[in-house]
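[1] requesting a structural model of the entry that follows:
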Amino acid sequence: MDGLWAQIFTVGTLAVIIAKTAPLLLAALGGAITQMGNILNIGLEGMMLAGAFTSIAVGAATGSPLLGVLAAVAAGLVLAVIFAVATMYFRADEIVVGIGINLVAAGLTVLLLVVFYGNPGSTPGDVKSRLPQLPLGPLADIPVIGPAISGQTALVWVAFLAVPVYWFVLYRTRFGVHLRAVGEDAVSASAAGIDA
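    Numbering: from 1, shown residues only. The predicted model follows:
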């Protein structure tokens, strides 16, 4: 049994787990911020799908990983604005809009994969545009952890550094106090002079 665990839990596996955690962590932090404001955004999966496809498409077309990342942010932002307009201005149900965003993004990304790349399930394998890996120098020599964290991209580091920033913003800034107050009780927050 020990041999099986040794084969599963390798430094390479840990490095992949860390890399795959980054986009989920960023989405979770975004969802947690909206949840603190008492807004349930279940459209995060659709926003991630749209961002992932846009990132690959723009990165492959331009050869620039930075433009791919910026395009992914823009795609997610467009869907977030659609969610906000639909729920805040048109008073649509958050669950229905979130499910709609997920369904549209899931269908649209598959359609666009077929149209642009001829395959509904994968992106082109010849994409040379990749984010650069960041070497950690002497930190890479730390047993087990060093090789796993060395060579990760800047987005992985941004994702993990966003956690303490998230905590600080929500619990140590005026914005965070107002957001939590509105999320707890919008009427009381409004009575206290906070725009809800």
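
[2] what element comes up after the host helix or strand of L25 heading to the C-terminus?
    Using DSSP states H and E, L25 sits in helix 11-36. Following helix 11-36 in sequence order, the next helix or strand is helix 44-62 (DSSP H and E).

[3] got the angle between that following helix and helix 11-36?
    Interaxial angle, helix 44-62 versus helix 11-36 (axes from the mean of the first three to the mean of the last three CA atoms, to 10 degrees): 120 degrees.

[4] what comes into contact with helix 44-62?
    The contact list for helix 44-62 (CB atoms under 8 Å, 6 or more residues apart in numbering) reads 23, 27, 30-31, 64-65, 67-76, 78-80, 98, 101-106, 108-109, 112-113, 116, 123-124, 127, 129. Placement of C-beta: from N, CA and C, glycine included.

[5] that older thread, show me what the helix holding L25 is packed against.
    Packing partners of helix 11-36 (3 or more CB pairs under 8 Å, 6 or more residues apart in numbering; DSSP states H and E): helix 44-62, helix 145-149, helix 154-172, helix 174-184.

[6] one step back: of the contacts of helix 44-62, keep whichever come out buried.
    Listed as buried from the contacts of helix 44-62 are 23, 27, 30-31, 65, 68-69, 71-72, 75-76, 79-80, 98, 101-102, 104-105, 109, 113, 123, 129; burial here means 16 or more other CB atoms under 10 Å.
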